[in-house]
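Asker: All I have is the shape, not the residue letters:
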């Protein structure tokens, strides 16, 4: 199979022709099987999401590996990490292999299951990390996401143990003792609305503690969904003072919704805006954008979290936290980072593809658009604008916080190892 | 507070935050005329809301608020129906949305909601406004009778009505201290906003652990020293209830220390100006937040608050359901 993508702009730079043969970018194909007009489109390496909830097994009323993969492909992704808070939990080789196999069967995106750090996300006993790493799923990222590994001793051991597996521990940084009953960012908005506050310090204190533990263990820590300006400061301090001279690394992701939305979204008490960590004040969103542009925050991850309508169409405190993100991520990053001049398209490729692939240790994703590299790529129309409709998204659930919002940039085509998974904005099934 | 139905522009009463001064004063003036209209009547019944149906939907136990709304409705000839969470399908796990839709479809003109979740009345109002209901003019009014730790607007209105009777109709410049567990108090939130809207100067008095982060954005002053504040001679002191579960939640060391530092004992009450009023939303924990001798003294307006509650709730139902024209 050979493909010519004519006159496309890699990273938004000068137009050129891209050739693909048998899943690999090549310098020329004399008589391509198909030709795609890339006029006006930007080519980026296929996006990599370190943080999605695909809900299978156990939550199929909201999302499945199939529908989540479709949403990912339509969002321009070629690799997605599936968080382990499934039912049963992804805390054993058999469950991670199941999710990995489902991903392969669907074939729209590489699905990499994230292994649980502790059994049942209970925070007490380490899960079988080594066996998950050795399984067909080849797990290299572990997380109890949704819950923090709150016990410092368990976290220390998880970091130490993961080091021997060349794996990274992704922490949901939230000191649960400081967030009992928490519903929204602790501040003037929550105070006025009578919603129990989720203080920034609950995140920042765990980020600081974990950075210290990682430095001492020489281990690899990844901070999930960093959400406050204070956490950015802690991250900067850790890199300046804790990590030099150690083998430890500390990376961090930010979600699109924390780049765009603010805590005032709770004012109508519609829990479509309820998320954990909560939406923060504008000063935080601006600090997060700056940190992403400066490289203090390494990458963007969606925290795509589908929920059935019953879990959202209810009272705020009863609602489940989380929002859809896979199909809107690139558009939100464009709106917050590209339109504002904080990132160019090279920068977008860095924070949405290259760096997340490197953090997760993927060798075949997040690669440059050069000859000899795997043909994982996305073609986007930077000038298109589209209006988000939850019911029209590929996910089973429709809990998007961007309902009715007009966003820039459309994903037109997505290619996974030489095969189109999305053509003209439509999923191409295997 | 949206839209322009009724002459004071009130479709629902969900919070005092956002209530305009002229709306608040209209409600309070109407409450005063309700009281006058009932005075001296052998039969305390006005025809105002005949044929209208008021449903009280309570997900928390409350005797005084529920009875007050029920009496308010009955004195204006409305049909009042009480639905409680324990004795209906809500106990079987029906969603709030379905319950609200059912009540609206069954003919409720107003739904008075008490709910442990902050914002629950907002949600109901949003759902019902989107659907509309054909048996009325398409509108079901929602009244917040206390939602979580958010607001309790009719409590604030009855407190203001009581203060107006004691201190005069214009509360502008009057100095009101609100003392106690502001963090968990919907009464404090509603009062802080309403009193500020009416021009009063509000001071919250509480230990830092019982004040919400972000309280500095409220239109109030804050102090942690009750004795020091009382020397400034406030016109009214409103004592908040301390719920039993807070006493063991690490918010303050002990009930004894709380009483010593924040209780309104006789010694403190004696330092108040002669005209100063003591308010308590009830039920009071006597001996802790307020001494019995103070609660039973002439400056305490606790019984007047209850009476004013009926008149204020009549005014609220009147403005939501009847409007000026049909009066």
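Answerer: Thanks, I have it. Computed from a predicted structure; not experimentally measured. Numbers count the residues shown, from 1 in each chain, chains lettered A, B, ... in the order given.
Asker: Which neighbouring elements make contact with the helix or strand where residue B:130 lies?
Answerer: Assigned by DSSP states H and E, residue B:130 belongs to helix B:120-131. Packing partners of helix B:120-131 (3 or more C-beta pairs under 8 Å, 6 or more residues apart in numbering or on different chains; DSSP states H and E): helix B:96-105, strand B:110-115, strand B:141-147. All C-beta atoms are positioned from the backbone trio N, CA, C, and that covers glycine.
Asker: how about TSV for the ones you listed, with mean pLDDT added?
Answerer: As requested, the helices and strands packed on helix B:120-131 are exported to TSV (pLDDT from 0 to 100):
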stretch	mean pLDDT
helix B:96-105	94
strand B:110-115	97
strand B:141-147	97
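Asker: can you tell me if stretch B:8-22 touches chain A.
Answerer: Yes. Contact of stretch B:8-22 with chain A (C-beta under 8 Å from any C-beta of the partner chain) involves residue B:17.
Asker: Quick check: buried residues in that stretch?
Answerer: Buried residues in stretch B:8-22, counted by 16 or more other C-beta atoms under 10 Å in any protein chain shown: B:8, B:10-17, B:19.
Asker: Likewise for stretch A:230-248?
Answerer: A:230-235, A:238, A:242-243, A:248.
Asker: now stretch A:81-95
Answerer: A:81-86, A:89-93, A:95.
Asker: Give the rounded mean pLDDT of it.
Answerer: The average of the pLDDT scores along stretch A:81-95 is 98.
Asker: which residues touch that stretch?
Answerer: A:49-59, A:65, A:68, A:96, A:99, A:103, A:111-116, A:118-121, A:127-128, A:131-132, A:134-135, A:137, A:141, A:143-147, A:360 (C-beta atoms under 8 Å, 6 or more residues apart in numbering or on different chains).
Asker: Show me where the stretch 101-250 of chain B has its strands.
Answerer: B:110-115, B:141-147, B:175-179, B:201-205, B:221-223, B:236-239 (DSSP state E, counting those that start in this stretch).
Asker: how about the residue in the stretch 1-150 of chain A positioned nearest to chain B, secondary structure?
Answerer: Closest residue of the stretch 1-150 of chain A to chain B, C-beta to the nearest C-beta: residue A:61 (15.5 Å). Using DSSP: H, G, I helix; E, B strand; the rest coil, the structure places residue A:61 in coil.
Asker: Wait, it touches residue A:396, no?
Answerer: Yes. Using C-beta atoms under 8 Å, residue A:61 is in contact with residue A:396, at 6.9 Å.
Asker: Mind checking which of those two has more residues around it?
Answerer: Applying other C-beta atoms under 10 Å in any protein chain shown to residue A:61 and residue A:396 shows that residue A:396 carries more neighbours, namely 18 against 15.
Asker: you'd agree the more buried one is up against residue A:324?
Answerer: No. Residue A:396 is beyond contact range of residue A:324, at 10.2 Å (criterion: C-beta under 8 Å).
Asker: where do the contact lists of those two overlap?
Answerer: With C-beta under 8 Å, 6+ apart, residue A:396 and residue A:324 have common neighbours residue A:306.
Asker: For residue B:23, which non-adjacent residue is closest in space?
Answerer: residue B:8 (4.8 Å; C-beta to C-beta, 6 or more residues apart in numbering or on different chains).
Asker: wait, the one you found sits on residue B:26?
Answerer: Yes. Counting by C-beta under 8 Å, residue B:8 does reach residue B:26; the two are 4.6 Å apart.
Asker: joint contacts of those two?
Answerer: Joint contacts of residue B:8 and residue B:26 (C-beta under 8 Å, 6+ apart) are residue B:319.
Asker: And the helices and strands packed on helix B:120-131: which comes nearest residue A:372?
Answerer: helix B:96-105 (56.6 Å; C-beta to C-beta).
Asker: orientation of that closest one relative to strand B:110-115 in degrees?
Answerer: 160 degrees (axes from the mean of the first three to the mean of the last three C-alpha atoms, to 10 degrees).
Asker: Pull out the buried residues from helix B:96-105.
Answerer: So, applying 16+ other C-beta under 10 Å, buried residues of helix B:96-105: B:96-97, B:99-101, B:103-104.
Asker: And that helix, what does it pack against?
Answerer: strand B:53-58, strand B:110-115, helix B:120-131.
Asker: Please convert the ones you listed to JSON lines, extending it with distance to residue B:78 and mean neighbour count.
Answerer: Below are these laid out as JSON lines (distance: least, C-beta to C-beta, whole Å; neighbours: other C-beta atoms under 10 Å in any protein chain shown):
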{"stretch": "strand B:53-58", "distance to residue B:78": "5", "mean neighbour count": "24"}
{"stretch": "strand B:110-115", "distance to residue B:78": "8", "mean neighbour count": "27"}
{"stretch": "helix B:120-131", "distance to residue B:78": "18", "mean neighbour count": "22"}
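Asker: Among those, which one carries the weakest average confidence?
Answerer: helix B:120-131 (a mean of 93).
Asker: Could you report the neighbour count for residue A:290?
Answerer: Around residue A:290 there are 14 residues (other C-beta under 10 Å).
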